[in-house]
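A.B. asks: sequence plus the predicted model coming up.
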Amino acid sequence: MGEIHAVMCFAYTNEIPKNVDELDKFSHDAFLQSAQRDQNVGKIAIAYTVWSKKKGGGKLIVKEVFKKIKKSNHLNRLVTLSPLTEMASRFHTRNGAKLLQVNETTQNFEYQVEKKK
């Protein structure tokens, strides 16, 4: 079995959260909406934690999650809910994300997902 280099936590939503309370609400709402329509949960994957155990692990897990989202039938966006830190900004921009918005206590970056046709 392979060694774990990093862990990423994310939620599925249909809206972009500006804080943890909205993340909780939007992911719950997406779950309820999907149950009513008998569909998959949410169209947006919101990454809210990336923990790296080894150098380069964060970059590696972003690439792997990105690949899975591209192949997904229901996900069309990968957006972060990141802290207002220079480290978070540097990490996401170096890995190809674009700053979407700066909120009161967080910031959102988006990784462009182009689906294969």
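C.D. replies: On my side now, so go ahead. Numbers count the residues shown, from 1 in each chain.

A.B. asks: how many residues are close by Gly56?
C.D. replies: 10 (other CB atoms under 10 Å). C-beta: built from backbone N, CA, C; applies to glycine.

A.B. asks: for it, which non-adjacent residue is spatially closest?
C.D. replies: Once flanking residues are discounted, Gly56 sits nearest to His5: 7.2 Å by CB to CB, 6 or more residues apart in numbering.

A.B. asks: from Ser52, how far off is that neighbour?
C.D. replies: Using CB to CB, to the nearest Å, we find His5 at a distance of 7 Å from Ser52.

A.B. asks: joint contacts of these two?
C.D. replies: Ile61 (CB atoms under 8 Å, 6 or more residues apart in numbering).

A.B. asks: this structure: strands as residue ranges?
C.D. replies: All strands of the chain, identified by DSSP state E, fall at 6-13, 44-52, 77-80, 82-83, 98-102, 106-111.

A.B. asks: any weak-confidence spans in the protein?
C.D. replies: 1, 35-40, 115-117 (pLDDT under 70).

A.B. asks: just checking, what's the longest helix in it?
C.D. replies: helix 20-37 (DSSP state H).

A.B. asks: what's the angle from it to strand 44-52?
C.D. replies: Between helix 20-37 and strand 44-52, the angle comes out at 130 degrees (axes from the mean of the first three to the mean of the last three CA atoms, to 10 degrees).

A.B. asks: so what touches helix 20-37?
C.D. replies: Taking CB under 8 Å, 6+ apart as the rule, helix 20-37 contacts 11-15, 17, 39-43, 46, 48, 81.
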